[in-house]
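Chemist: starting from these lines, generate the structure:
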Amino acid sequence: MGAKLSSSGGGGGKLAQQNADINVTPFVDIMLVLLIIFMVAAPMATVSIRLDLPPATPPAADAEPKEPVYITIQESGSLYIAETETNLSKLAADVCAAQGAVADCRDERVFVRAEPEVKYNQFMEVMNTLQENGYFKVGLLNEDIT
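Modeler: Modelled structure (predicted):
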């Protein structure tokens, strides 16, 4: 805090008053020093990592994209794979059957969609069941409500 003293001219006899203004000079000095430190240190923080990616190979001309499997959870708790109703106990087997003749059905992507009113625990039961059975490529779908 600074103090305001009376002027030297005239014998005013005023008392010293306190100045309540904030002295920002030290604050600005510190901010400028920090700015310089970060400007010098930022280029050093960028690190380049060399990636060896496999070459891109186009799919075969006769290869047809596979239709993904959609699991739908309704508000009532019922599960559907496409239009076929299922339950948690036979979910993994039904997902594998819906994918058709695939070498390992757990390597294929599965999409899960739920109605907006579905409770969180119902959704998580389905996700946990899929994970327990080795389905780790699970995509989540949502729909715009407009």
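Chemist: any idea of the mean pLDDT for stretch 136-146?
Modeler: Average pLDDT, stretch 136-146: 80.
Chemist: what's the weakest-modelled helix or strand in the protein?
Modeler: strand 2-4 (a mean of 56; mean pLDDT, DSSP states H and E).
Chemist: against which helices or strands is the next helix or strand after that strand packed?
Modeler: Sequence-wise, the next helix or strand downstream of strand 2-4 (DSSP states H and E) is strand 17-19. Under the contact criterion of 3 or more C-beta pairs under 8 Å, 6 or more residues apart in numbering; DSSP states H and E, strand 17-19 touches strand 2-4. In this view, the C-beta of every residue, glycine as well, is placed from N, C-alpha and C.
Chemist: now Pro43: how far from Leu140?
Modeler: Counting by C-beta to C-beta, to the nearest Å, the separation of Pro43 from Leu140 is 39 Å.
Chemist: more neighbours: which of those two?
Modeler: More crowded of Pro43 and Leu140, by other C-beta atoms under 10 Å: Leu140, with 10 against 7.
Chemist: quick check: bridge partners of the more buried one?
Modeler: Val112 (DSSP bridges).
Chemist: my read: it touches Arg109, true?
Modeler: No: look at Leu140 against Arg109 with C-beta atoms under 8 Å: they stay out of range, at 11.3 Å.
Chemist: touching both of the two, which residues are there?
Modeler: Common contacts of Leu140 and Arg109 (C-beta atoms under 8 Å, 6 or more residues apart in numbering): none found.
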